[in-house]
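Enquirer: Predicted structure and sequence below. I'll ask about it afterward.
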Amino acid sequence: MTSPAAPRERPLTPRKLLAAGLGLVVLLALPTVLPTFQTLQVSYGLIFGIAALGFNLLLGYTGLLSFGHSAFFGAGAYMAAFLVKYAGVTSMEAFLAAGVLAAFATAAVFGVVCVRYTRIFFSILALALSQVLWSLALKLFWVTGGTDGLRVPTPTLLAGALAPAADKTAFLVHRYYYYVLAVFVLAVAVMWVILHSPFGTALQAIRDNEVRAEFVGVQVRRYRYVAFLVSGAFTGLAGALWVPLNGLTTPDILYWPFSGKIVFMAVLGGFRTFWGPIVGAIVFNYLETWAVGFTVYWQLVLGLILVALVLAMPTGLAGTASLLAARLWRR
Amino acid sequence: MSLLEIRSISKSFGDNRAVDDVSLTIRAGELLGLIGSNGAGKTTLVNLISGFFPADHGQLVFDGRDITRQTVNERIRAGIARSFQLVNLFDQLTVLDNIALTIFAREGKTRHLMALAATDGAVYREALDILGQFSLEAKAGMLAGAIAQGERKLLDVAVAYTLRPRLLFLDEPTSGVSSREKAPIMDIVTSIVRSQRITAVIIEHDMDVVFRYSERIVAMHQGKILAEGTPDEIRRNEQVTANLLGAQPA
């Protein structure tokens, strides 16, 4: 019998496939039943879910806590904005490709320095490097628009097959929602395969015991570097998806509190499970939106709620749900 | 025929000379016991040979090739593997995955990002076969961190064995287990090592274990080699008796 606290995902079972299928059906149906504002929130949640999924490749599966993922999200978002401003490109596929490439290149540079270290040293280095990008976005205002940021209009989808509608909101809650959902499903599938590949097992071995991993022939630093690249690329993909929805990118998304948000999404949902960061991203986004509308002291309210949730559910929302489901199943 | 030649190897930590100008030949196919009191330099010597840290001076020649400056990975590829004094496993992976991962690493498959590990039937069949050899097949689905200490010791050796080594270092394979469990563990390990004709070095504190299972014994004291010979020769050696054994083992 396997311990119920097993942090590793079991292979895909029929029950899990059914649950995933049901989840997908619900997500497909949401725009037809939810008000516009709520559908937009789901889109944001799915996009942050991709970012948290990428982040969790490092935290949950490699044992590296990055406080610098705002850099990759921002690289993806700003690259899409640059394409609009300097090349007149409005193709969403170009945004995604360029966003992923920009985040990948950023991770390739940061990773050379960061993966030499672990624990707090890794975290602080990632944070420090991300703040270099933030200060560049702030100071190079003639390129980046400074604090005003850069506007990104509604893009064309599927190589121009779906042009932006006159009603921007209708476009975002229907066509763009389904586009985001399709990219989300693809990103989840790719990450699931990576985590269940021999490479993914090697990352978990590094997380558990890097000395032994080295002594079975896993080249620890090289694998950490590849994980860093993949993690950065996923987060950059999220940034490129986010910017047309938001319509604007500013240096705020490169600032360290945004990295903190991604960390919190993973912790809130449960970084020991595959689905946890996605659940955490959706719930965090809703909580933040609700708190902002509830009071001007929204940071205080949000902070108290999050602290209470983490203290009450140390394994996160998904981890707690799994434990409860296991208990119910045994009865 | 020598498999490993250790030539005048030394390692210091600050003022402490942990291994002091040690020369030793390990012959192919033998089961060598390495004994010594705490701080004698046994584990440091194994760490130097396995590449855990570099030697200050000296040379290591494995199967005719100088491996002194090789990385851990290169030494593994050459055929050197080790287990650890303190059990070193992937505690949050299953027992089966501890072995499967080692096979993936041995075969260079851990570079594969877009292939599902579970679909590689050959790897999991071999992993189950290895667990069977170590009497661990019933524990295959458990987390490595959740099995008993004696089983963890066996799994630690099984992980090293999975690398198909030609030279296997067993660093205190029975430390931390009850005296009742020691003989079954050593019986399993030595029978596998002998049947596969693997050259093995047992580093042990328990003299009963070393004298019972080793064909040749090397005694270390204060970073130097004190004596080497058959178990009977070591048992009769006055220096060894005075410094290490005290009362002779029964």
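Expert: Noted; the coordinates are in hand.

Enquirer: any idea which element residue A:28 lies in?
Expert: Following DSSP states H and E, one finds residue A:28 within helix A:14-33.

Enquirer: What of residue B:217?
Expert: Applying DSSP H and E as the criterion places residue B:217 in strand B:216-221.

Enquirer: and that strand, what does it pack onto?
Expert: strand B:16-27, strand B:31-36, strand B:224-229, helix B:231-236 (3 or more C-beta pairs under 8 Å, 6 or more residues apart in numbering or on different chains; DSSP states H and E). (Each C-beta comes from the backbone N, C-alpha and C, glycine too.)

Enquirer: who touches the residue of chain B positioned farthest from its centre in this structure?
Expert: Distance from the centre of chain B peaks at residue B:114, with 33.8 Å (C-alpha atoms, centre = their mean). Applying C-beta atoms under 8 Å, 6 or more residues apart in numbering or on different chains, we find residue B:114 in contact with A:190, A:193, A:194, A:197.

Enquirer: Relative to chain A, how far out is the residue nearest to residue B:166 when sequence neighbours are not counted?
Expert: Nearest residue to residue B:166 in three dimensions, chain neighbours excluded: residue B:79, at 3.6 Å (C-beta to C-beta, 6 or more residues apart in numbering or on different chains). Using C-beta to the nearest C-beta, to the nearest Å, we find residue B:79 at a distance of 12 Å from chain A.

Enquirer: What is the helix holding residue A:28 packed up against?
Expert: helix A:36-62, helix A:177-195.

Enquirer: hmm, who's touching the shortest one?
Expert: Under the criterion C-beta under 8 Å, 6+ apart, residues A:9, A:12, A:24, A:27-28, A:30-31, A:39, A:42-43, A:46-47, A:49-50, A:53-54, A:57, A:61, A:92, A:96, A:157-158, A:162, A:200, A:203, A:230, A:234, A:237, A:241, A:245, A:274, A:278, B:113-116 lie in contact with helix A:177-195.

Enquirer: Quick one: buried ones out of the residues you listed?
Expert: A:9, A:27, A:30-31, A:39, A:42-43, A:46-47, A:49-50, A:53-54, A:57, A:61, A:92, A:96, A:157, A:162, A:200, A:203, A:230, A:234, A:237, A:241, A:245, A:274, A:278, B:113, B:115 (16 or more other C-beta atoms under 10 Å in any protein chain shown).

Enquirer: Looks to me like the residue farthest from the centre of chain B is in a helix.
Expert: No - assignment of residue B:114 by DSSP: H, G, I helix; E, B strand; the rest coil gives coil, placing it outside any helix.

Enquirer: For stretch A:148-165, measure first residue to last.
Expert: From its first residue to its last, stretch A:148-165 covers 26 Å (C-alpha to C-alpha, to the nearest Å).

Enquirer: Look up the pLDDT of residue 179 for me, please.
Expert: In the absence of a named chain, chain A is used. Among the per-residue scores, residue A:179 holds a pLDDT of 95.

Enquirer: my bad, the chain I had in mind was chain B
Expert: Turning to residue B:179, the model gives it a pLDDT of 84.

Enquirer: Check the spacing between it and residue B:217 real quick.
Expert: Using C-beta to C-beta, to the nearest Å, residue B:179 is found at 21 Å from residue B:217.

Enquirer: likewise residue A:271?
Expert: 49 Å.

Enquirer: Neighbours of residue A:113, how many?
Expert: 13 (other C-beta atoms under 10 Å in any protein chain shown).

Enquirer: Does it lie in a helix or a strand, and which?
Expert: Applying DSSP H and E as the criterion places residue A:113 in helix A:92-114.

Enquirer: Residue numbers of the stretch 51-200 of chain A in contact with chain B?
Expert: A:190, A:193, A:194, A:196, A:197, A:198, A:199, A:200 (C-beta under 8 Å from any C-beta of the partner chain).

Enquirer: Tell me which two of those residues sit farthest apart.
Expert: Pairwise distances across those peak at 15.7 Å for A:190 and A:198 (criterion: C-beta to C-beta).

Enquirer: Quick check: which helices or strands does the helix or strand where residue A:205 lies pack against?
Expert: Using DSSP H and E, the element containing residue A:205 is helix A:198-208. With contacts taken as 3+ C-beta pairs under 8 Å, 6+ apart, helix A:198-208 sits against helix A:36-62, helix A:210-215, helix A:220-246, helix B:95-106.

Enquirer: ok now do residue B:111, which residues does it touch?
Expert: A:198, A:199.

Enquirer: ok, it to residue A:200 distance?
Expert: In terms of C-beta to C-beta, residue B:111 sits 12 Å off from residue A:200.

Enquirer: Kindly report the same for residue A:231.
Expert: When residue A:231 is compared with residue A:200 (using C-beta to C-beta), they lie 12 Å apart.

Enquirer: Then residue A:26?
Expert: Residue A:26 is 27 Å from residue A:200, where distance means C-beta to C-beta.

Enquirer: Also residue A:138?
Expert: Taking C-beta to C-beta, one finds residue A:138 at 37 Å from residue A:200.

Enquirer: Quick one: closest of the helices and strands packed on helix A:14-33 to residue A:103.
Expert: So among the helices and strands packed on helix A:14-33, helix A:36-62 is nearest, using C-beta to C-beta, at 8.9 Å.

Enquirer: same for that closest one, what does it pack against?
Expert: Packing contacts for helix A:36-62, counted by 3+ C-beta pairs under 8 Å, 6+ apart, involve helix A:14-33, helix A:177-195, helix A:198-208, helix A:220-246, helix A:256-269, helix A:276-294.

Enquirer: Including distance to residue A:66, could these go into a markdown table?
Expert: Formatted as a markdown table, the helices and strands packed on helix A:36-62 follow (distance: least, C-beta to C-beta, whole Å):
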| stretch | distance to residue A:66 |
| --- | --- |
| helix A:14-33 | 27 |
| helix A:177-195 | 16 |
| helix A:198-208 | 14 |
| helix A:220-246 | 7 |
| helix A:256-269 | 7 |
| helix A:276-294 | 13 |
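
Enquirer: just so I know, which of those helices lies nearest residue B:71?
Expert: helix A:220-246 (11.2 Å).

Enquirer: so how far is that closest one off the chain centroid?
Expert: 8 Å (C-alpha atoms, centre = their mean, to the nearest Å).

Enquirer: Same question for stretch B:170-183.
Expert: 13 Å.

Enquirer: Just the pLDDT at the closest residue to chain B within the stretch 51-200 of chain A, thanks.
Expert: Closest contact between the stretch 51-200 of chain A and chain B, by C-beta to the nearest C-beta, is at residue A:198 (4.0 Å). On pLDDT, residue A:198 comes in at 95.

Enquirer: Contacts only, for the closest residue to it other than its chain neighbours.
Expert: Nearest residue to residue A:198, sequence neighbours excluded (C-beta to C-beta, 6+ apart): residue B:104, at 4.0 Å. Residues near residue B:104 by C-beta under 8 Å, 6+ apart: A:198, A:201, A:202, B:110, B:117, B:120, B:123.

Enquirer: Does the last one lie in a helix or a strand, and which?
Expert: If you go by DSSP H and E, residue B:123 is part of helix B:121-133.

Enquirer: how about that helix: buried residues?
Expert: Those would be B:123, B:124, B:126, B:127, B:128, B:130, B:131, B:133, for helix B:121-133 by 16+ other C-beta under 10 Å.

Enquirer: Brilliant, that's me finished.
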